[in-house]
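K.L.:
Requesting a structural model of the entry that follows:
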Amino acid sequence: IPIRLIRYSVSDILVREQTPPSFTDRWPHRSLLYIGSCHAANEAALRWLLESVMPHFGRKLIDSEQDPSSWTLSIVGNVTPQTCAPSLCEGGVCGAEHTLGVNVAFLGYVSSIEQVMDQSIVLVSPRWGGLGLSTKVMLGLERGLPTVTTPHGTTGYNITDWTSSQGVLVASPEDPAAFAEQMNRLLHNEELWSKASSGAKKHVWSTFSPEQQENDILTLISEAKTRRQQSL
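P.N.:
Modelled structure (predicted):
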């Protein structure tokens with residue numbers, strides 16, 4: 001049976017013409033964003049982020065003479081200790097002592113994910129399992145939110161540059177210090193952040209627009225017609 005890839009489409013056509021908030025607009029919120037649901041892969045990724053990455057990130061803030069307590073990792077979705085992951089914060093990994101002062105806020109479901117995203121400076125989305133596209137990465141890219149992920153998080157996105165021009169910076173899940181450094185680079189280099197933000201929108205809207213999806217479907221139909229005619 002012939003199989004053809006039909007690309008995933010962006011979720012909100014209206015954001016294409018919108019200019020995302022600038023680095024300067026977002027800076028006062030000092031917010032990092034993680035989005036997750038009650039799923040084993042999300043729980044594992046978030047636990048790794050809290051346990052292994054955040055201490056490195058807190059240290060980098062201190063080394064750059066910033067107050068870690070002015071920063072917050074905002075966690076959106078029902079992946080919380082109260083709802084589905086009671087062991088998520090075991091060992092104190094959600095506490096300020098472990099993160100060297102960085103706040104961890106479980107927001108649960110929010111009325112406007114767009115507002116939370118537009119206030120965040122970086123989307124953090126480690127991933128090393130699961131099938132298909134990571135839809136949370138799509139949400140970030142379409143809104144021009146630079147994203148730090150692992151190699152598996154780029155699956156299906158046609159991303160060939162892991163250094164920002166297509167919106168993402170990548171680090172291995174085996175190197176949490178490198179993951180924290182990618183986060184840190186975006187916070188302290190406005191030029192890099194702006195390049196990643198504009199590159200994110202450009203890449204996702206040229207690759208995953210409804211128009212591109214329509215072209216893929218029409219091509220599939222045309223190929224099916226050709227095969228049918230050839231078989232007659």
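K.L.:
mean confidence for the longest helix along the chain?
P.N.:
Looking across the chain with DSSP state H, the single longest helix is helix 210-231. Taken as a whole, helix 210-231 has a mean pLDDT of 82.
K.L.:
Alpha carbons only: can I get it in PDB?
P.N.:
Below are the C-alpha coordinates for helix 210-231, written out as PDB (Å, rounded to 0.1, in the frame of the first residue of the first chain):
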ATOM      1  CA  PRO A 210      -2.300  24.900   5.900                       C
ATOM      2  CA  GLU A 211      -1.400  25.700   2.300                       C
ATOM      3  CA  GLN A 212       1.500  23.300   2.400                       C
ATOM      4  CA  GLN A 213      -0.800  20.600   3.900                       C
ATOM      5  CA  GLU A 214      -3.300  21.300   1.200                       C
ATOM      6  CA  ASN A 215      -0.500  20.800  -1.400                       C
ATOM      7  CA  ASP A 216       0.500  17.500   0.200                       C
ATOM      8  CA  ILE A 217      -3.100  16.200   0.100                       C
ATOM      9  CA  LEU A 218      -3.600  17.300  -3.600                       C
ATOM     10  CA  THR A 219      -0.300  15.600  -4.500                       C
ATOM     11  CA  LEU A 220      -1.500  12.500  -2.800                       C
ATOM     12  CA  ILE A 221      -4.800  12.500  -4.700                       C
ATOM     13  CA  SER A 222      -3.000  13.200  -8.000                       C
ATOM     14  CA  GLU A 223      -0.600  10.300  -7.400                       C
ATOM     15  CA  ALA A 224      -3.500   8.000  -6.500                       C
ATOM     16  CA  LYS A 225      -5.300   8.900  -9.700                       C
ATOM     17  CA  THR A 226      -2.200   8.200 -11.700                       C
ATOM     18  CA  ARG A 227      -1.700   4.800 -10.100                       C
ATOM     19  CA  ARG A 228      -5.300   3.900 -10.800                       C
ATOM     20  CA  GLN A 229      -5.100   4.900 -14.400                       C
ATOM     21  CA  GLN A 230      -1.900   2.900 -14.800                       C
ATOM     22  CA  SER A 231      -3.600  -0.200 -13.400                       C
END
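K.L.:
Give me the buried positions along that helix.
P.N.:
Gln212 (16 or more other C-beta atoms under 10 Å). Where you see a C-beta, it was placed from the backbone N, CA and C, and this is true even at glycine.
K.L.:
and it, what other elements does it pack with?
P.N.:
Here helix 210-231 touches no other helix or strand, going by 3 or more C-beta pairs under 8 Å, 6 or more residues apart in numbering; DSSP states H and E.
K.L.:
can you map out the strands along the chain?
P.N.:
31-35, 72-76, 103-108, 122-125, 147-149, 168-170 (DSSP state E).
K.L.:
nearest to Leu139, of those strands?
P.N.:
Counting by C-beta to C-beta, Leu139 lies closest to strand 31-35 out of the strands of the chain; the figure is 7.0 Å.
K.L.:
Against which helices or strands is that closest one packed?
P.N.:
Counting by 3+ C-beta pairs under 8 Å, 6+ apart, strand 31-35 packs on strand 72-76, helix 113-119, strand 122-125, helix 135-142.
K.L.:
gap between that strand and the chain center?
P.N.:
8 Å (C-alpha atoms, centre = their mean, to the nearest Å).
K.L.:
Quote the end-to-end distance of stretch 145-153.
P.N.:
By C-alpha to C-alpha, to the nearest Å, the extent of stretch 145-153 from end to end equals 15 Å.
K.L.:
now it, how far from the chain's geometric center?
P.N.:
Stretch 145-153 sits 5 Å away from the centroid of its parent chain (C-alpha atoms, centre = their mean).
K.L.:
and if you look at stretch 122-141?
P.N.:
That offset, for stretch 122-141, works out to 5 Å (C-alpha atoms, centre = their mean).
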